[in-house]
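Peer 1: dropping a prediction and its sequence here:
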Amino acid sequence: MNEVGKSLPKIDGVGLAMGRPAFTDDLAPREALVVRALRSPHPFARLKSIDTAAAEAMPGVACVLTWKDVPRIAVTRAGQGHPEPSPRDRFILDEYVRHVGDEVAVVAADTAATAAAALDVLAVEYEVLDPVLDFEQADGHASVLHPEPEAHENFPIGFEPQRNIASAYEMHVGDVDKVVAESEVVVRRTYYTQAQQHVALEPMVCATWLDLHGRLNVVTSTQTPWHVRRIMARALDMPVSEIRVNKPRIGGGFGGKQMIHGELLCGLVTRRTGKAAKMVYSRREVFTATNTRHPMRMEITLAAHPDGRLRAIDMQALSDTGAYGEHALTVFMVAGAKTLPLYNKVEAVRFGGKTVYTNHAPGGAYRGYGAIQGNYALESALAELADELDLDPVELRRLNMIAEGETSPIFAIMGEGTEGVAQTIDSCKLPECIDRGMELIGWNDKFPRREAGPDRVRGVGMALAMQGSGIPAIDMAAATLKLNDFGSFNLLIGATDLGTGSDTILAQIAAEALGVATDIIKVYSSDTDRTPFDTGAYASSTTYVSGHAVRKAAEKMKAELIAEGAAMLGCDPQAAVFDGREVRGPGGAISLEDLSTRLLYSRNQKQLCTTGSHLCEKSPPPYMAAFAEVEVDLGTGKVDLIDYVAVVDCGQAINPNLARVQVEGGLVQGIGMALTEDVRYGKRGALLTRDMMTYKIPARQDVPRITVELVDSHEPSGPFGAKSVGEIGIDTPPAVIANAVFNATGVRVRDLPLTPEKVLMALRRTQES
Amino acid sequence: MKITFALNGRETTWEIEPVETLLEALRRHGLTGVKQGCDTASCGVCTVLLDGKPVPSCAVPAARVDGHAVLTVEGVPEKARAVGEALAAEGADQCGYCAPGLVMSLVAMEQEPGPPDEDKIASYLAGNLCRCSGYASQSRAIKKYLGGKP
Ligand code: FES
Ligand code: FES
């Protein structure tokens, strides 16, 4: 291979470092009205009245909108495919506010100062309601978050709003209770995971305007341009065809920008006023009024033979979706679907539970998407089982893990919101990942613990992980390749580069399939008017699904080039080849430059333009073995991460540098979740972590030595052997670090994050007992 | 109110709002290299040099720069290109939102006499957060960038 497997520089990197206009706010019309929302100070309230007169009378205020001004159409802001597996439980603005930060009203003004002044004079009378603040009390709580008759599920997802249940799910294979009852070794544990915020450094931002045809143009920092278009059309009650959505460069997403944020309000303002509008979230709004990772309670039962062979796994979960049911069902299901198949040799497996509403900021998609919650619980429980059996935790994994050529019934049973798709695992290099990871961390010397000085002890921990590559039978992507004169190509793709480098790797795939150099492929992406469709950048889908679409378009282009070249050479296309520079036949050759230029200007003129489209048929999991060494201060409970090793099977890496950095970046976010990041609320439902001083993401100095290696692997169903790699990096740190802390100290904290207070409390408890 | 200051080496007079931050004023005048990230001087994406010292422009009132010198990434295109190329060579440029701020911190660091050691790099870059890269690739890139310079 020539272009695939090369660490080419990202095509947009230099321009971004130079600060060239590239992000939404850089491109928004200069004259755009400033849109600002008035946000609820209460976790749950009815809006008795809103007096807008004073605000409307202010010079410079273009409009003030309340729930009375918006179409009463229930939508979900989840940003998923159609019809969405999330309940439609939201309006552009509503008579009820359901979390601190929920939108009460919106103003649009000519300057930020005027907009702020107008917000100040809005007089709102609230009827304060009793909020649901504890997700374990939500089912059956006297307060019901979504009594409105318009709220509905698009298909059965277990939606029971009267009980504050957004979704419910159950599955089982075999008789778990019977196997557990018969088993000699049973471990039952309960784990809690917290809400985590994405904290993409670019906040949510969008701008809207009407073009000369009167169509609504939207430029927005989104992961899902097509879903934004479709959901805006529904919410604003206008045809999809009258909206164009374009995603320019975006400053990180991590799932947070799969959801719809300011687009509905901005679009509404532009429709009302006819003027351009823009909405830039403050960091405080990002924290209070966007989404978090769903907090979960996971109850795990493992049953095993005394030699460590697993017999049954039961995972029962309760998930908190906050005020709105965005991704309620699907994140929940992934907690099982992308963890349980790792241990496919069990006699019985069961997974189930529900997702409930509370008066917190809504849950949503976040890199890992349930898998990190499930991974923390399952991989912690396995370590606890290994300890009980006095087995090396690595051996316990080796004994039970999935292998190439095998399958799990879960693939067919559990999809995302619907049934899944059966698949056999054709690439799984977990044995190699484990061996190499053990070597890099020095497992055999360091397991389980070493003294590291007075009151300081070091321990190592490990975990395995899997993810997926797109959502099978649902995710679809398309790509168009257009030949230009003098021999360059435009690659038009719906795929949405969040900063991952997908524009670059998709150009590499096109170049590889065509046999040309990557730099003659000019990429334009993510524009609902000008590029073909793509479901969007989520579920680790881009390399695997969009990559195939690009490969197909490029293969068709190559065939057309050969056919046209052969025609110009007067030879049989069967006898001609294209080597990336020229089409050669038995009697001569024509360069790509000449061929393309003649095709547009002088001989048998025509545009060569090919489209490839790909439906994800299976979802081969990338795999990882991860190891860490921690040092715990027994006097303070502080956990210092010393070393983190991750060895990954993501198939053939299209661009090894970019694949590796995906993993490194994911690891650091996962480390944040394991140790410090925690969205916290006060007793009365106000958000305590509302800025980057109170919510700490890892800084440069917090990050340990990280070693990421990719093992040799080839996924037969992937484009040039690739699987996806965007999410798996985040999955392991909570379990690995918790396991390392246990090995170091003998205490087990089953509640994330592992703060010094929790570790110290646990240490004290064991000392006392 | 009016302010007059040296913006990227050029005398500039702007009409500004008294409540505006330097970040807001710069962006309003089309300097897109200065980003908004956190609003609380916590992330470093708005870093500019004020009289040669790195500052978070979100925490500086625009009025404060009257009579002073402000340098943004737009004023150091060659440096920005070189750092950008170094980042790209390591795959360390992910979304790129943090890159201009990082460039400005490096520019500030390089103005100090003496070769940069690990401590100096750490202290100059401590305030430049990145949510995408996990930092390791940035460190690799910065080492190469500093090592490769005359
Ligand atoms: S926006 Fe100024 S430091 Fe974050
Ligand atoms: S590359 Fe995205 S924040 Fe640094």
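Peer 2: That came through, no problem. Ligands and ions are numbered 1, 2, ... in the order given.
Peer 1: correct me if wrong: A:Ala646 contacts A:Gly729.
Peer 2: Yes - if you go by CB atoms under 8 Å, A:Ala646 and A:Gly729 touch, sitting 6.8 Å apart. For the C-beta atoms, the positions are set from N, CA and C on the backbone; glycine is no exception.
Peer 1: what's the overlap in contacts for those two?
Peer 2: Both A:Ala646 and A:Gly729 are contacted by A:Met624, A:Val663, A:Leu667, A:Val708, under the criterion CB atoms under 8 Å, 6 or more residues apart in numbering or on different chains.
Peer 1: buried residues, the host helix or strand of the last one. List them.
Peer 2: Okay, so that is A:Val708. Assessed by DSSP states H and E, A:Val708 sits inside strand A:705-710. For strand A:705-710, burial by neighbour count (16 or more other CB atoms under 10 Å in any protein chain shown) applies to A:Ile706, A:Thr707, A:Val708, A:Leu710.
Peer 1: near ligand 2, list only the ones from the residues you listed.
Peer 2: Among these, not one lies near ligand 2 by CB under 6 Å from any ligand atom.
Peer 1: which among these gets closest to chain B?
Peer 2: Checking the buried residues of strand A:705-710 against chain B by CB to the nearest CB gives A:Ile706 as the nearest, at 5.1 Å.
Peer 1: look at the closest one and report its pLDDT.
Peer 2: Note on A:Ile706: pLDDT of 97.
Peer 1: spit out the contact partners of it.
Peer 2: A:Tyr644, A:Val645, A:Ala646, A:Glu664, A:Leu667, A:Val668, B:Gly134, B:Ala136.
Peer 1: residues near the third one, how many?
Peer 2: Number of residues near A:Ala646 (other CB atoms under 10 Å in any protein chain shown) recorded here: 30.
Peer 1: in contact with it, which residues?
Peer 2: Counting by CB under 8 Å, 6+ apart, A:Ala646 touches A:437, A:624-627, A:663, A:667, A:706-709, A:729, A:732.
Peer 1: that older thread, parallel or antiparallel, which strands does the strand holding A:Val708 pair with?
Peer 2: Paired neighbours of strand A:705-710 in the sheet (DSSP bridges): strand A:639-649 (parallel).
Peer 1: and the strand it pairs with, how far out from the chain middle?
Peer 2: 22 Å (CA atoms, centre = their mean, to the nearest Å).
Peer 1: A:Lys48 contacts A:Leu129, correct?
Peer 2: No - counting by CB under 8 Å, A:Lys48 does not reach A:Leu129; the two are 11.4 Å apart.
Peer 1: neighbour count: those two, which is higher?
Peer 2: Legend: neighbour count by other CB under 10 Å for A:Lys48 and A:Leu129, higher for A:Leu129 (18 against 10).
Peer 1: contacts only, for the nearest residue to that one once chain neighbours are set aside.
Peer 2: Using CB to CB, 6 or more residues apart in numbering or on different chains and skipping the chain neighbours, the partner closest in space to A:Leu129 is A:Phe44 (4.3 Å). Counting by CB under 8 Å, 6+ apart, A:Phe44 touches A:96-99, A:128-132, A:143, A:145, A:359, A:685.
Peer 1: try A:Ile520
Peer 2: A:Gly487, A:Ser488, A:Phe489, A:Ala511.
Peer 1: could you redo those residues as TSV and give each row neighbour count?
Peer 2: TSV is the format used below for these (neighbours: other CB atoms under 10 Å in any protein chain shown):
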residue	neighbour count
A:Gly487	17
A:Ser488	16
A:Phe489	26
A:Ala511	25
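Peer 1: domain map for chain B?
Peer 2: Annotated domains of chain B cover B:2-74, B:76-145 [automatic domain parsing].
Peer 1: most tightly packed of the ones you listed?
Peer 2: With neighbours taken as mean count of other CB atoms under 10 Å in any protein chain shown, these reach their highest mean count in domain B:76-145, at a mean of 21.
Peer 1: would that domain count as contacting ligand 1?
Peer 2: No - on the criterion CB under 6 Å from any ligand atom, domain B:76-145 is out of touch with ligand 1, staying 7.2 Å away.
Peer 1: what about that domain, start to end distance?
Peer 2: Domain B:76-145 stretches 16 Å from its first residue to its last (CA to CA, to the nearest Å).
Peer 1: try stretch A:34-50
Peer 2: OK, stretch A:34-50 end separation, CA to CA: 21 Å.
Peer 1: ok, now stretch A:182-200?
Peer 2: In stretch A:182-200, first residue to last residue: 49 Å (CA to CA).
Peer 1: what's around the closest residue to ligand 2 within the stretch 501-650 of chain A, how many residues?
Peer 2: Relative to ligand 2, the nearest point of the stretch 501-650 of chain A is A:Gly501 (10.5 Å; CB to the nearest ligand atom). Neighbourhood size, A:Gly501 [other CB under 10 Å]: 31.
Peer 1: how about A:His172?
Peer 2: 15.
Peer 1: A helix includes it, no?
Peer 2: No - assessed with DSSP: H, G, I helix; E, B strand; the rest coil, A:His172 is strand; it does not lie in a helix.
Peer 1: for it, give me its contacts.
Peer 2: A:His172 neighbours (CB under 8 Å, 6+ apart): A:Ala348, A:Val349, A:Arg350, A:Phe351, A:Gly352.
Peer 1: how many neighbours does the first one have?
Peer 2: The one in question is A:Ala348. Neighbour number of A:Ala348 under other CB under 10 Å is 18.
Peer 1: repeat that for the third one.
Peer 2: The burial count assigned to A:Arg350 is 22, neighbours taken as other CB under 10 Å.
Peer 1: now do the last one
Peer 2: Summarising burial for A:Gly352: neighbours were counted as other CB under 10 Å, giving 16.
Peer 1: these two touch, right, it and A:Leu329?
Peer 2: No - applying CB under 8 Å as the test, A:Gly352 and A:Leu329 come out as separate, 11.9 Å apart.
Peer 1: which parts of the stretch 1-150 of chain A are strands?
Peer 2: A:33-39, A:45-51, A:61-65, A:96-97, A:103-109, A:123-128 (DSSP state E, counting those that start in this stretch).
Peer 1: my bad, should have said chain B
Peer 2: Remark: strands assigned in chain B by DSSP state E are B:2-7, B:10-15, B:47-50, B:53-56, B:69-71.
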